[in-house]
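Visitor: Test case, fold it:
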Amino acid sequence: MGVIFYNIFLLLLRAGVRVAAPFNKKARQWIEGRRQLFSRLQAAVAGKKKIIWMHCASLGEFEQGRPVLEKLKQDYPDHHLLVTFFSPSGYEIMKNYTGADWIFYMPVDGPHSARRFLDIVNPSLVVFVKYEYWYYYLKATKARQIPLLMVSAIFRPNSPFFKWYGGLYRKMLSCFTHLFVQNQGSVDLLSRILPADRYSIAGDTRFDRVIDIAEKGGPIPLIEQFTGTTPTIIAGSTWPPDESILQKTLNALNDLKLIIAPHEIHGDHITQLQQLFPGCLLYSQLSAGSRAAGESNVLIIDNIGLLSRIYRYAHTTYIGGAFGAGLHNTLEAAVYGKPVLFGPEYSKYMEAVGLIEAGAGFSVSNEAECIATVKQLTGDKALYDSTCQAALSFCYRHKGATEKIMGFIQEKRLLTN
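Guide: Predicted coordinates:
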């Protein structure tokens, strides 16, 4: 019965995307990116052997899997790396990533698609990141006895795996050679449905990723010129509710600057930000040399790829999405030893919970709480210094997931048999 409902879901998925395509850019990209996909994939990998396939839902999961991907490339240079995405949000941004041999969309799940995909790729190892459970791909991979890993997985009691109706989901979990989970809670849940040797705690590979970015990142002169010696709030992946609070916070407090890197950088949203912050600068204007960094106290980052490197210039950081869209990556800011603020809906994000418990994170529900928190952090140096140290310590205390995953691959000889 579960498979019947799953097939209905796949039909509705395809139909829904096609209905939305004329009106939605991402839906169009989703369809167009899969045109003649198998023939393009066949041409790309023809004659190649020893392929490692990593699948990511979108950009966030790619960043989570990236430390493992790059370590695989380093440790197994005779293997080829294939990365697939389900979402245009990941594929369109990373399609020119040079760390993998090939970047493709994943063909929509189905018995024929899974069989044809695996016939073409014939991977030596398959790695899924965090989630995305596609029944036919997992089933076919297991049937071919290909090692199949899940990294940085996290499970919650309300997940269907642990419900009476979750039989199909449990079958999908049983396809994995090993599940590397983030926390003890996930282990406790999996112990009810899987043998103990099928899962283990490795932690979250995002800690390894953000530490690598912070340690390798160089200066960004235009950001340095803009911030100068003025305390600056750097807000990343913001949505309109976040931006409204930040606008009121900036108006209420003197001698602050603000840098916003919104989650959406399309023209309409940038225009809304320019209306919300009259006289603000766009990063593209600075980089083009048309305006000087000192002309405004608000800078809008209107490109992709800069955010994770600019947090180092912050006095205080703010991460968007926790007013309903879904909290974005708090670790990218915390790794620089900066206080991290975010909205009230954060309980599903263990790193945000951990930052609050460590004294490095602050949840704000409205502009009054945001103003009070920023005021306290800028006015109490002892508090600020202890908060910064707590953020840095939190990140470095949790590094090492990639090393544990690679140790398993080497110990089990998954790529050397």
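
Visitor: Not counting residues beside it along the chain, what's closest to the residue most central in space within the chain?
Guide: For the chain, Gly60 is the residue whose C-alpha lies nearest the centre (C-alpha atoms, centre = their mean; 1.6 Å). Nearest residue to Gly60, sequence neighbours excluded (C-beta to C-beta, 6 or more residues apart in numbering): Asn329, at 6.8 Å. The way it works is simple: take the backbone N, C-alpha and C, and place the C-beta from them, glycine included.

Visitor: okay, now the one you found: neighbour count?
Guide: 23 (other C-beta atoms under 10 Å).

Visitor: Next up, the contacts around it.
Guide: Gly60, Glu63, Arg206, Val210, Gly236, Ser237, Ser308, Ile319 (C-beta atoms under 8 Å, 6 or more residues apart in numbering).

Visitor: Among the residues you listed, name the buried ones.
Guide: For the contacts of Asn329, a burial check counting by 16 or more other C-beta atoms under 10 Å picks out Gly60, Glu63, Arg206, Val210, Gly236, Ser237, Ser308, Ile319.

Visitor: In contact with the first one, which residues?
Guide: Looking back up the chat, that one is Gly60. Gly90, His328, Asn329.

Visitor: Pull the distance from stretch 264-284 to the chain's centre.
Guide: Relative to the centre of its chain, stretch 264-284 is centred 24 Å away, using C-alpha atoms, centre = their mean, to the nearest Å.

Visitor: helices or strands next to the worst-scoring helix or strand of the chain on mean pLDDT in the packing?
Guide: Every helix and strand in the chain was compared by mean pLDDT, DSSP states H and E; the lowest is helix 283-287, with a mean of 86. Applying 3 or more C-beta pairs under 8 Å, 6 or more residues apart in numbering; DSSP states H and E, we find helix 283-287 packed against helix 221-227, strand 298-300.

Visitor: Relative to the whole chain's centre, how far out is that helix?
Guide: On the basis of C-alpha atoms, centre = their mean, helix 283-287 sits 26 Å off its chain's mean C-alpha point.

Visitor: Okay, buried residues for that helix please.
Guide: For helix 283-287, the neighbour count (16+ other C-beta under 10 Å) marks Tyr283, Gln285, Leu286 as buried.

Visitor: which one of these is nearest Asp101?
Guide: For the buried residues of helix 283-287, the minimum distance to Asp101 (C-beta to C-beta) is 32.0 Å, reached by Tyr283.

Visitor: Distance-wise, check that closest one relative to Thr229.
Guide: Tyr283 sits at a distance of 20 Å from Thr229 (criterion: C-beta to C-beta, to the nearest Å).

Visitor: ditto for Arg198
Guide: From Arg198 to Thr229 the distance is 54 Å (C-beta to C-beta).

Visitor: Which one's more surrounded, these two?
Guide: Between Arg198 and Thr229, Arg198 has the larger neighbour count (other C-beta under 10 Å), namely 14 against 5.

Visitor: residues contacting the more buried one?
Guide: Here Arg198 is in contact with Ser174, Phe176, Thr177, His178, Leu179, Leu190 (C-beta under 8 Å, 6+ apart).

Visitor: can you tell me which of those residues are in strands?
Guide: Of those, the ones assigned to strands by DSSP state E are His178, Leu179.

Visitor: The contacts of Arg198 into JSON lines, with extra columns for distance to Val68, pLDDT and neighbour count?
Guide: Converted to JSON lines, these look like this (distance: C-beta to C-beta, whole Å; pLDDT from 0 to 100; neighbours: other C-beta atoms under 10 Å):
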{"residue": "Ser174", "distance to Val68": "22", "pLDDT": "97", "neighbour count": "14"}
{"residue": "Phe176", "distance to Val68": "15", "pLDDT": "98", "neighbour count": "22"}
{"residue": "Thr177", "distance to Val68": "15", "pLDDT": "98", "neighbour count": "18"}
{"residue": "His178", "distance to Val68": "13", "pLDDT": "98", "neighbour count": "19"}
{"residue": "Leu179", "distance to Val68": "14", "pLDDT": "98", "neighbour count": "22"}
{"residue": "Leu190", "distance to Val68": "20", "pLDDT": "98", "neighbour count": "21"}
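
Visitor: per-residue pLDDT, Gly294?
Guide: pLDDT recorded at Gly294 is 72.

Visitor: Kindly report the same for Leu341.
Guide: Residue-level pLDDT assigned to Leu341 equals 98.

Visitor: correct me, but it touches Ala314?
Guide: No. When contacts are counted by C-beta atoms under 8 Å, Leu341 is not listed as touching Ala314 (10.6 Å).

Visitor: Between the two, which is the more surrounded one?
Guide: More neighbours surround Leu341 than the other of Leu341 and Ala314, with 27 against 24 (other C-beta under 10 Å).

Visitor: doesn't that one fall inside a strand?
Guide: Yes. According to DSSP: H, G, I helix; E, B strand; the rest coil, Leu341 belongs to a strand.

Visitor: what sits opposite it in the beta ladder?
Guide: Beta-bridge pairing of Leu341, defined through DSSP bridges, involves Tyr318, Phe362.

Visitor: need the contact list for it.
Guide: Thr316, Thr317, Tyr318, Ile319, Gly361, Phe362, Ser363, Val364, Cys370, Thr373, Val374 are the contacts of Leu341 under C-beta under 8 Å, 6+ apart.

Visitor: cool, and Asp119?
Guide: If a contact means C-beta under 8 Å, 6+ apart, then Asp119 has no contacts.

Visitor: For Gly321, see how far away it is.
Guide: On the measure of C-beta to C-beta, Asp119 and Gly321 end up 40 Å apart.

Visitor: got a list of what Ala391 touches?
Guide: Neighbouring residues of Ala391 by C-beta under 8 Å, 6+ apart: Ala333, Ala334, Val335, Tyr336, Gly337, Lys338, Pro339, Val340, Leu355, Ala358, Ala360, Gly361.
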